[in-house]
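Enquirer: Quick one: sequence and predicted model below, then my questions.
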Amino acid sequence: MKKRYGVASVIAAAALAASAVVGAPAQAASRTIVVWADEQRGPQLQKLIDGNTSIAPGYTIQVKFFSALDALQSAWDKSTAAGGPDVLTGPASMASAGAKSGKISRIIPSSTLKSEIPTAGLAAMSYKGGVYGVPLDVDTTGFIWNTGLYGATAPATFADMVDYYKANKSAKGLTGGICAFEGTWGSHAVLTALGGGAWDYKGSNANYSKVLLNSAKFKSNVDKYLLTDGKSNGFFQWDGCGDAFKAGKIPFGITGAWNFDGITKAGIKYGIGATPGLTASTKGAQWVNYSGAYVTSYAKDHGVDLGARKLVTQWFASTEGQLAMSQLSKRPPASKTATAKVTDPQTLAVGRAAATGTPQVSPALDNKTGGANWYDVLGGVYTDIFTKGKSADATLDAAAAILAKNFANYDATN
């Protein structure tokens, strides 16, 4: 077990000795800073800081984690000062949403923090010019392939993967060709590899007025690579397919570092890279975002605002803290100094894969002006086309009409 950053036993012993001194003043009870996390980051933070009393002297840190990110988000949405956390960890979308609702407190980045964290990282934590969180690590996916099935060299093109699947489906009992472990979020690299995606770009600027999900190029490539006579050929999998990859029944996958240990424990040897595109020189672009740590407005209600800010701006933002978290999570840290100290080959590979990604603008993707957000629309598209066998053209056009309203509303109000 990793050593925690704390001297709880030393402080406890000192307190006991002090209490034995005649006339010594009573020591104030340590206040508790409650940290919420999901099922992936929570156990890691418990190893690192649960019970810690030295990061913020006078405070004891308590980590609580939920069964999944959705469960964390649901609990956070319903939270009040009566039982809510003092520090929240989660995706960058929590920064803007929390700033709007008043449930996340603004922080003032120090010059050290500004020099350590990339501008894109701080931008992901910002809302209307204010910074509302500290970026912890890069939240993205990489392309993986089963080297025992496909071989040591990655496929050069998307067609190479599809051809391998079709040629070996029966002989090797394959149940799919590529698995997007994280569902609709993780599938963006497949969409962009085939000429689709959410919105277009003008140079480096997002062009929200042009939805790519129903582009002529994407429609053509869906028909060419993912369908046979208008029905799914089984190559593309996005719903609960991770176990099949771990069982050697799917040769290719898209997932994040958080799943690497489970894949390794399943006995699968794999390579990591970027999702192959239509040519050897092109790649699919997965979503790239940051996860963050946030001081909630509840911390002030609980009388622990000062300690919560120390935890977030001094430990979560520190080289030591970010490197420790990265070593457990295998995610590339946000801190430049911590990144320079990373030696794990898997973490470095994910960092390289992130270079092909596209910024995840969560407020635009979460917008529901058209009736449903990006992820729900995409889930419906996949079910209709690949499960129910509905017309790809009609399904994509209907979905794009919803998304056009969402993106236009976001663009007009931001």
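Expert: Cool, got the structure.
Enquirer: Moving C-terminal from the helix-or-strand element of the chain with minimal mean pLDDT, which element do we reach first?
Expert: Least confident element among the helices and strands of the chain, by mean pLDDT, DSSP states H and E: helix 8-19 (a mean of 37). Using DSSP states H and E, the next helix or strand after helix 8-19 towards the C-terminus is strand 31-37.
Enquirer: Remind me what that next one packs against, helices and strands.
Expert: helix 41-49, strand 59-65, helix 69-78, strand 87-91, helix 305-310 (3 or more C-beta pairs under 8 Å, 6 or more residues apart in numbering; DSSP states H and E). To be clear about C-beta, it is placed using only N, CA and C from the backbone, and glycine gets the same treatment.
Enquirer: Please identify the most buried of those.
Expert: Of all the helices and strands packed on strand 31-37, strand 87-91 has the most neighbours on average by mean count of other C-beta atoms under 10 Å, namely a mean of 24.
Enquirer: residues of whichever helix or strand comes after that strand that come out buried?
Expert: Toward the C-terminus, strand 87-91 is succeeded by helix 93-101 as the next helix or strand (DSSP H and E). By neighbour count on 16 or more other C-beta atoms under 10 Å, the buried set for helix 93-101 is 93, 94, 95, 96, 97, 98, 99.
Enquirer: Just list what helix 93-101 packs against, helices and strands only.
Expert: If you count contacts as 3+ C-beta pairs under 8 Å, 6+ apart, helix 93-101 packs onto strand 126-127, strand 287-295, helix 362-365.
Enquirer: now with 10 Å?
Expert: Counting contacts by 3 or more C-beta pairs under 10 Å, 6 or more residues apart in numbering; DSSP states H and E, helix 93-101 is packed against helix 69-78, strand 87-91, helix 119-124, strand 126-127, strand 130-131, strand 287-295, helix 362-365.
Enquirer: now these in CSV, with mean pLDDT and distance to residue 264?
Expert: Below are the helices and strands packed on helix 93-101 laid out as CSV (pLDDT from 0 to 100; distance: least, C-beta to C-beta, whole Å):
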stretch, mean pLDDT, distance to residue 264
helix 69-78, 95, 22
strand 87-91, 96, 25
helix 119-124, 84, 29
strand 126-127, 88, 37
strand 130-131, 93, 37
strand 287-295, 94, 22
helix 362-365, 90, 30
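Enquirer: Those into TSV, with extra columns for distance to residue 191?
Expert: Putting the helices and strands packed on helix 93-101 into TSV (distance: least, C-beta to C-beta, whole Å) gives the following:
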stretch	distance to residue 191
helix 69-78	21
strand 87-91	20
helix 119-124	21
strand 126-127	27
strand 130-131	31
strand 287-295	10
helix 362-365	13
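Enquirer: To residue 50, which of these lies closest?
Expert: Among the helices and strands packed on helix 93-101, strand 87-91 comes nearest to residue 50, with 12.4 Å by C-beta to C-beta.
Enquirer: tell me, how many neighbours does the closest residue to residue 365 other than its chain neighbours end up with?
Expert: Excluding the flanking residues, the one nearest residue 365 by C-beta to C-beta, 6 or more residues apart in numbering is residue 374, at 4.1 Å. Other residues lying near residue 374 total 26 when counted by other C-beta atoms under 10 Å.
Enquirer: Equivalent analysis for residue 128, please.
Expert: Using other C-beta under 10 Å, residue 128 has 10 neighbouring residues.
Enquirer: do the same with residue 152
Expert: By other C-beta under 10 Å, 9 other residues sit near residue 152.
Enquirer: quick one: the nearest residue to it once chain neighbours are set aside from residue 76, how far?
Expert: Once flanking residues are discounted, residue 152 sits nearest to residue 271: 7.0 Å by C-beta to C-beta, 6+ apart. In this view, residue 271 and residue 76 are 37 Å apart by C-beta to C-beta, to the nearest Å.
Enquirer: that older thread, could the helices and strands packed on strand 31-37 go into a markdown table alongside distance to residue 340?
Expert: Formatted as a markdown table, the helices and strands packed on strand 31-37 follow (distance: least, C-beta to C-beta, whole Å):
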| stretch | distance to residue 340 |
| --- | --- |
| helix 41-49 | 20 |
| strand 59-65 | 27 |
| helix 69-78 | 29 |
| strand 87-91 | 23 |
| helix 305-310 | 25 |
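Enquirer: Out of these, which is closest to residue 112?
Expert: Checking the helices and strands packed on strand 31-37 against residue 112 by C-beta to C-beta gives helix 305-310 as the closest, at 14.0 Å.
Enquirer: Quick one: mean pLDDT over the closest one.
Expert: For helix 305-310, the mean per-residue pLDDT is 98.
Enquirer: just stretch 47-56 next, same as before
Expert: Taken as a whole, stretch 47-56 has an average pLDDT of 97.
Enquirer: Now it: buried residues?
Expert: 48, 49, 50, 52, 53, 54, 55, 56.
Enquirer: how much space is there between the second one and residue 384?
Expert: When C-beta to C-beta is the yardstick, residue 49 and residue 384 sit 45 Å from each other.
Enquirer: same question, the fourth one
Expert: From residue 52 over to residue 384 the distance is 49 Å, taken as C-beta to C-beta.
Enquirer: What segments of the stretch 251-400 of the chain are helices?
Expert: 260-265, 298-301, 305-310, 319-329, 336-340, 345-354, 362-365, 374-382, 392-413 (DSSP state H, counting those that start in this stretch).
Enquirer: would you list those helices in CSV and tack on distance to residue 121?
Expert: Formatted as CSV, the helices of the stretch 251-400 of the chain follow (distance: least, C-beta to C-beta, whole Å):
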stretch, distance to residue 121
helix 260-265, 23
helix 298-301, 22
helix 305-310, 18
helix 319-329, 11
helix 336-340, 10
helix 345-354, 12
helix 362-365, 14
helix 374-382, 22
helix 392-413, 21
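Enquirer: which one of the ones you listed has the lowest average pLDDT?
Expert: Of all the helices of the stretch 251-400 of the chain, mean pLDDT reaches its minimum on helix 345-354 (a mean of 84).
Enquirer: residues of that helix that come out buried?
Expert: Buried positions in helix 345-354, judged by neighbour count with 16+ other C-beta under 10 Å: 346, 347, 349, 350, 351, 353, 354.
Enquirer: now swap in stretch 201-217 and tell me
Expert: By 16+ other C-beta under 10 Å, the buried positions in stretch 201-217 come out as 206, 208, 211, 212, 213, 214, 215.
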